[in-house]
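J.: Let me see the structure of the following:
(chains A, B, C, D, E and F)
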Number of protein chains: 6
Amino acid sequence: MTIAFFGEVMLRLSPPGRELLLQTPKLEVIVGGAEANVATGLACLGHATRMISAVADNPLGGAVIGELRRRGVDTSRVASEEGRLGLYFLTPGAGLRASEVVYDRAHSVFATRPADSWDWEVLLEGATRLHLSGITPALGHNTAEAAIAAAEAASVKGIPISFDGNYRAKLWEAWDSDPRAVLTRLIGHADVLFGNHRDVSLLLGKPFSGDGSDRRREAAEAAFAHFPKLQTIASTARHVDDADSHRVSARVDTRGGAHQTDEILIAGIVDRIGAGDAFAAGVLHGLIESDGDARAAAKSGLALTALKHSLPGDASLFTRADLAAFEGGGLDVRR
Amino acid sequence: MTIAFFGEVMLRLSPPGRELLLQTPKLEVIVGGAEANVATGLACLGHATRMISAVADNPLGGAVIGELRRRGVDTSRVASEEGRLGLYFLTPGAGLRASEVVYDRAHSVFATRPADSWDWEVLLEGATRLHLSGITPALGHNTAEAAIAAAEAASVKGIPISFDGNYRAKLWEAWDSDPRAVLTRLIGHADVLFGNHRDVSLLLGKPFSGDGSDRRREAAEAAFAHFPKLQTIASTARHVDDADSHRVSARVDTRGGAHQTDEILIAGIVDRIGAGDAFAAGVLHGLIESDGDARAAAKSGLALTALKHSLPGDASLFTRADLAAFEGGGLDVRR
Amino acid sequence: MTIAFFGEVMLRLSPPGRELLLQTPKLEVIVGGAEANVATGLACLGHATRMISAVADNPLGGAVIGELRRRGVDTSRVASEEGRLGLYFLTPGAGLRASEVVYDRAHSVFATRPADSWDWEVLLEGATRLHLSGITPALGHNTAEAAIAAAEAASVKGIPISFDGNYRAKLWEAWDSDPRAVLTRLIGHADVLFGNHRDVSLLLGKPFSGDGSDRRREAAEAAFAHFPKLQTIASTARHVDDADSHRVSARVDTRGGAHQTDEILIAGIVDRIGAGDAFAAGVLHGLIESDGDARAAAKSGLALTALKHSLPGDASLFTRADLAAFEGGGLDVRR
Amino acid sequence: MTIAFFGEVMLRLSPPGRELLLQTPKLEVIVGGAEANVATGLACLGHATRMISAVADNPLGGAVIGELRRRGVDTSRVASEEGRLGLYFLTPGAGLRASEVVYDRAHSVFATRPADSWDWEVLLEGATRLHLSGITPALGHNTAEAAIAAAEAASVKGIPISFDGNYRAKLWEAWDSDPRAVLTRLIGHADVLFGNHRDVSLLLGKPFSGDGSDRRREAAEAAFAHFPKLQTIASTARHVDDADSHRVSARVDTRGGAHQTDEILIAGIVDRIGAGDAFAAGVLHGLIESDGDARAAAKSGLALTALKHSLPGDASLFTRADLAAFEGGGLDVRR
Amino acid sequence: MTIAFFGEVMLRLSPPGRELLLQTPKLEVIVGGAEANVATGLACLGHATRMISAVADNPLGGAVIGELRRRGVDTSRVASEEGRLGLYFLTPGAGLRASEVVYDRAHSVFATRPADSWDWEVLLEGATRLHLSGITPALGHNTAEAAIAAAEAASVKGIPISFDGNYRAKLWEAWDSDPRAVLTRLIGHADVLFGNHRDVSLLLGKPFSGDGSDRRREAAEAAFAHFPKLQTIASTARHVDDADSHRVSARVDTRGGAHQTDEILIAGIVDRIGAGDAFAAGVLHGLIESDGDARAAAKSGLALTALKHSLPGDASLFTRADLAAFEGGGLDVRR
Amino acid sequence: MTIAFFGEVMLRLSPPGRELLLQTPKLEVIVGGAEANVATGLACLGHATRMISAVADNPLGGAVIGELRRRGVDTSRVASEEGRLGLYFLTPGAGLRASEVVYDRAHSVFATRPADSWDWEVLLEGATRLHLSGITPALGHNTAEAAIAAAEAASVKGIPISFDGNYRAKLWEAWDSDPRAVLTRLIGHADVLFGNHRDVSLLLGKPFSGDGSDRRREAAEAAFAHFPKLQTIASTARHVDDADSHRVSARVDTRGGAHQTDEILIAGIVDRIGAGDAFAAGVLHGLIESDGDARAAAKSGLALTALKHSLPGDASLFTRADLAAFEGGGLDVRR
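T.: This is a model prediction of the structure:
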């Protein structure tokens, strides 16, 4: 069993501690990218994962490949080509100051690679699932076409597809895009969707006016109606008290019903980036382990996203033992 | 328009993270000083600011000048002379341990410079405001006289003066001082005063017994009565839950009325030093932008002091965009 | 007056910030060990303390001795011998992720030293108290016998003994041990015991079913009944909200009565390791200074453990001035 | 007197110590760019300098401006515009491993700015010299045209121009360029040229076959013949023993003669980047101070480049006092 | 083609910069071990390599596996088991102070694993070469037997064996060992031996009295005579001027002749540890690429060991491009 | 046997790596002071040493005491008093850039303490040697008088005195001093003098015109003639090639003869500060161990100063084992 991920992998550069970007002349480097984060999260939980991507054939690209490999992700389908690697600069927030991201990802090897340069026969060989996110098609014509080609190739081969909405308006607005058309086409192939009522509203072009979980169920049912392949919709609800303290609950809808967790307080946040990707990894893990149970998926999704907030970096690095300890254990020192 | 600031600029040395001073043999260095912090805060908001000071003609003094210049403060009126630069050592607190400051500022170039060595004609040339604080006159005879000379020279030229109380009993007690006389003389020239009812009590020699905002208004009115030039009094009220979590509200009194903000919770404090200076910068910014509106001043004062708590260092480095985001935006990651 | 401590001193290695162990290739090093932490805590409060231990005769052992000496602990009774130094790796927790300890202490010089190689005549010379903990006898036959020999030698000389339960099931389970027998024998010599109702249950082999302080008093009285030398039992109750936020109260039982403090909130925890050792140091300090008063002991125990949470490292480094400031002062910056 | 510099300013990112790039996940950040380095070097020697450039309107561009300002360079003519800032990654060499640069400067705000967006009336206002380098025109059509426009505007205004060859074949080869035509046109306006016989060969399209200083003189005379405005040609000769140890001599040719220094050994090299820019700054300083004397120029050029090798970063930060100490003093500790 | 390596992988802990061990409380961590270093060196040159080892099933062992994987070494045959991971502490030398290693590797999972727990059928499956070193059999009975079993299993399968002498007297002396017997048995299976005349003396029990290359040839011929399978002997000669500056030459003997390189000066040494392992990797690379040519092997062995001295860490991380640049390029900055 | 040292202990603050002071905002902290360095050097060699000094009663003074204690120096005679601790800022040189010291030691607790506040009965109790340096009397009237009082008290008690010239013209010139008179008076009590012919010239007011060792012997004999108590004069000769590479020889003169070592090359210098103090410690060690042999003293003096150059910090931290290894061992890795 091998889960394949298609998406851009980047380097994140951020200042030490809670400094502003370049307040002092040091940067800390993390490998990131929505799909790679999910791949890493699942690899650390013991799943076979494969990254499909392209990086610069220089030490930056080499570092990306090395880091994924270190975490157990198969990188044999990551192309190394002349060009630049996408970067992003993160200034972590604190207290009443929000975190800020400055992207420097345009013109990257991944974004500029022609759609037809991806050979899906080879890339998807032996894959038992393909995971995509809404970021890849938002990067431009090349990647939008490539994402659709990937989804279609997987569909033809009977490989199930999970799709994480990750709607980034700024990226779509930067070119002559039709996000609704592209996303609808992609999600048409998916059996698992990560997204909430706002994502569904955008896709179906209609608002959901209810309250709380009613609204979420209504949206889920509309999505199930619109996308016949879709079996599972997973989402979190997040209340941001300040940059260091959030309250989060998880919800998984299936055609047969839904499971919504209690809201938990996540205080003392170390790094909030990638919390959504950790949720996706946790949900996929729960679905795989439980054979599709909504409750199990919501529970392990919430656990992994909660743990991710405690960890510097974009990706969850937690093991099954960590998940078990989260469920069972107290929070005092473990010896 | 150029706001001039007269005061000592020092280096702050502090241990990494939450260590005690010299627990490990590393120090982090920050440029600080009450007036320089306000100058920096306003420069980062786009105001023309000028520092009037004196530093050691060695790499320490050079670092002070370089840092102010980096932030956009005009340093052409900072003298570089033989002698020592004032230092202070900060051990940042955490939880139930309070932050502690050890001063090593005696005998500095600034403190020992004769009062008549400051040529106010040149130093105040073109200035449209002069900002002073209660620290400068507290350092000794030289600086007390110099502060008075500065205020008088500004008054003669019709340059409005803002004055930040910053009462430091230990400094006044270290020499044969008469703080009330000196401060009264200085505040007599000011149109803006940063201080609360306790500062006014000290100045007028009488207590204000009321409660909360009544007491504050009573004190403000007494100050307005005593100091005919005074138009605006700004202050914060701070409740310290622990070293990492404070609750703060802001208040601005004018002769015509007052505006008091709600109290906000500032948790996850990164660096509380300079929060008062950031408040002063925010209030001055609000007064300038709104042409003297109490509400605008209180609001931007509170915003800048709140943001300052999230930032390592003594001075606010926030821009107008940061202020706008504070008002308008949520606290989740901004991409 | 010299308080002697017998126990293993180790190096703790931990990752920077809130990283996982070896997430990046840096380790920070701290000298630790339950008894050494109490010795250091008391030395920083001005008490004469002496460590009785054995370390490797290499730079690691040298660093241990140097660090104790730096803090004022007499190390003239720490043997330097061929072998290895015990290590432990701490991954500090954050938020909803608990701290984790990986021990690498087996085969250490201390643990493998024959029981009869400790010459208690020399080692206890001039000592006015001996402090032991439940960790030393848990390490194996050698140290169990050595701890008993130490307690017996001290008893013969009329040196009072304090004993900190520190029950570590994993250590006892690693060899053919009889913890109840060993601990009962040791505590039979003690006048001060650090432990709660669970420790007493274990010792006496019976549960205490009451609630809160009733149960604690019941257990204390049972212990006093069982151990005729015992005069004081001190313990904390800790509620762990998350890795960064605990609520703690202290209790000291004497034969005549008990004092229980209010629960205090310890948020923004910097380093929870050694909090129990700091409590022991604070209680011993309070007992010494007050000549055995339960209230004074509970108060200074709670103060020192509260402060310890704010400090990186295993040991309390606080002075009497710090304790006084904790009692008297506010939590805003002290200048 | 104000020396204007036109060129791109970038951030350099490099690993700590002698590590390979991203061997560990830390980067150190330095502001660099050939012309900015010369501007900084001269500003630290007390000359008024002005940067003419364009940077991204984000914290990276802000850091560039702040750093130049910190060093005393006038940044009022640096535009802040939407887009990306040029970066480069340096892996410092060691021993028998050469330093390596990976550029990530394509698509930068500076490189993509239309040539006609630079208003040379405003940008050159009050300038008494314009310094250009061969890097700017090598970046593409926009900057090649802008450099020519700058040179022509300066010529019309009678502002003397210095030009540093800095021939970078890779940059010229990346577009449909005619480096010889462009450089000839630019150097036609210059009175000072930094370059050796190889640069002149390239410009004039003919080899110089002699040996050592004969060849250099022959090339200089050919350049003087070809470029009637040219008065001074400065160059270094460098022998690289290994990455840490070079031998360097300096030479300045004028129409009337030449001065060549002895070769000096520069061992224990800390950072070789920017050594050529420091040489240019030293030569210009020498020319200004001596009113055009070849010997003085060669001497201070050699001194500043020698000192630069001892300093981390791209730019010389040395003062006149440092230059004087280099000439006069020994190399043992100065107290 | 897959080269298998059998040996212990450890963590190396060393102080920052040129400090003594624990002079300040920081350690830098590197993955090391003679065989793993050769595996990593060859993996970075593009060869398929596989590590056969056992590590602790804790974050330390996990870090070892992750690092090998990051560099491209197949770790699917590294067992993760309860126990401790071998450590060593390196204090890097400087000038006239030699580097020092303190081992803490006793009782490791690898050293204590029973010889019969290694299943050579599985471990050597598909391997085309097995590389061993003299360290593994020196660790004790378990590993000596395991090494012999590995060599015998490989021989039976026709897998050629390379053996790096790496004679460590202290390790052999720590148990009732017969190094000559064990090593002779192992080398009897090898076609490639890394070792000089001193190693051969030890094996054959006779001195070689000649001078320089004569003595080396004499020893090589004696070894070829004694070990009929042996085809290639590779060694370096090293002269240590001080801790930072060595002179090294390489030599490869075959039955048909020998190639000896010139001595090169390696100054400014960054990290000398693993230089021998890098030599072995370079020689194996040269042998593979040239189909056994002594000159090619000596040349790439010398190049890789020279480069290794410039790199922090135990293993060569250089690529074919780096090797090519070493041969062809100068040592000034490469852009 | 206890060697007492009287002198100021300071903190040294220096930038990381080879940066200029405050090039980035970090400082590394070292405890220093000529006499304390000798005390530390001898303590690390196993000699009982005692510091007599005064420090600030704040965390800076506490750090000084802690560091001396860590190294085994008895600090029970170091007074802790209100005031400031002397500081100095070191910018380490590199290549052709010399190291620079900026002192900030004026007004320190030590320098301003009245001469009669030192109770030499108590301070010298049990001392078997007193070590002084020329820095203490150069600090001002107070310390000059105190140094003389110390020397006289020691003389009266029959405690031999060693004196290290350490002539610092800038310190003497800062007040109305008569260095020759003071130093002559002090050296009149000494049996061991550290100083060369230039020091003797200064003391005796006459030049020594000879060459090399002749001149040195002539000066030594003049000193022996002038100072009847003097038995040993020790000095080094240092040739500075660049900041990283010096050549040093040692010489010890007695009344009966002299021993001069060969010159050794000390390249790759890590930290040259305190090299003279390490020499003094090595010579005193050699004199003590050999009962006054010039050759032994010169040899161990040269060894300790050579080793010191390899070590960050002001003081030698080397042990007898390190000295033995220096004599006997090679310079390749010691395992």
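
J.: drop to CA atoms for contacts and neighbour counts, all remaining ones
T.: Will do.

J.: tell me the contacts of the residue lying closest to residue A:9 once chain neighbours are set aside?
T.: By the measure of Cα to Cα, 6 or more residues apart in numbering or on different chains, the closest residue to residue A:9 outside its immediate chain neighbours is residue A:33, 4.7 Å from it. The contact partners of residue A:33, by Cα atoms under 8 Å, 6 or more residues apart in numbering or on different chains, come to A:7, A:8, A:9, A:10, A:314.

J.: From residue A:41, how far out is residue A:33?
T.: Here residue A:33 is placed at a distance of 12 Å from residue A:41 (Cα to Cα, to the nearest Å).

J.: Kindly report the same for residue A:54.
T.: 20 Å.

J.: Comparing those two, which residue is more hemmed in?
T.: Using other Cα atoms under 10 Å in any protein chain shown, the more surrounded residue of residue A:54 and residue A:41 is residue A:41, with 32 against 26.

J.: Show me what from the stretch 1-150 of chain A comes close to chain B.
T.: A:18-20, A:93-103 (Cα under 8 Å from any Cα of the partner chain).

J.: I'd like to know which of those are buried.
T.: A:18-20, A:93-102 (16 or more other Cα atoms under 10 Å in any protein chain shown).

J.: isn't there a strand covering residue A:21?
T.: No: Residue A:21: not assigned to a strand; according to DSSP: H, G, I helix; E, B strand; the rest coil it is coil.

J.: And for it, the neighbour number?
T.: Residue A:21, neighbours per other Cα under 10 Å, totals 25.

J.: what do you get for the one 4 residues further on?
T.: When neighbours are counted by other Cα under 10 Å, residue A:25 registers 18.

J.: Same check on residue A:257?
T.: 12.

J.: if we can go back for a sec, which one of the buried ones among the residues of the stretch 1-150 of chain A next to chain B sits closest to residue C:303?
T.: Nearest to residue C:303 among these: residue A:95, at 27.2 Å, using Cα to Cα.

J.: so residue A:248 sits in a strand?
T.: Yes: checked against three-state DSSP, residue A:248 lies within a strand.

J.: From residue A:272, how far out is it?
T.: 12 Å.

J.: of the two, who's got more company?
T.: residue A:272 (25 against 19).

J.: Please tell me how far residue A:303 sits from residue A:236.
T.: Counting by Cα to Cα, the gap from residue A:303 to residue A:236 is 12 Å.

J.: likewise residue A:21?
T.: In terms of Cα to Cα, residue A:21 sits 29 Å off from residue A:236.

J.: Same check on residue A:214?
T.: Taking Cα to Cα, one finds residue A:214 at 15 Å from residue A:236.

J.: Which one's more surrounded, those two?
T.: Taking other Cα under 10 Å, residue A:214 and residue A:236 do not tie; residue A:236 has more neighbours (23 against 12).

J.: pretty sure the more buried one is touching residue A:247, no?
T.: No: with contact defined as Cα atoms under 8 Å, residue A:236 does not reach residue A:247; the gap is 10.1 Å.

J.: For the closest residue to chain C within the stretch 1-150 of chain A, give me phi and psi.
T.: In the stretch 1-150 of chain A, the residue that lies nearest chain C is residue A:17 (8.5 Å; Cα to the nearest Cα). The phi/psi pair for residue A:17 (degrees, to the nearest 10) reads phi 60, psi -130.

J.: and it, how many neighbours?
T.: With other Cα under 10 Å as criterion, residue A:17 counts 17.

J.: for residue A:197, same thing?
T.: By other Cα under 10 Å, neighbour count at residue A:197 equals 22.

J.: Let me see the contact set for it.
T.: Residue A:197 neighbours (Cα under 8 Å, 6+ apart): A:208, A:215, A:216, A:219, A:220.

J.: What segments of chain A are strands?
T.: For chain A, the strands defined by DSSP state E cover A:3-6, A:10-14, A:26-32, A:49-56, A:74-81, A:87-91, A:100-104, A:129-133, A:161-164, A:190-194, A:232-242, A:245-254, A:257-260, A:264-266.
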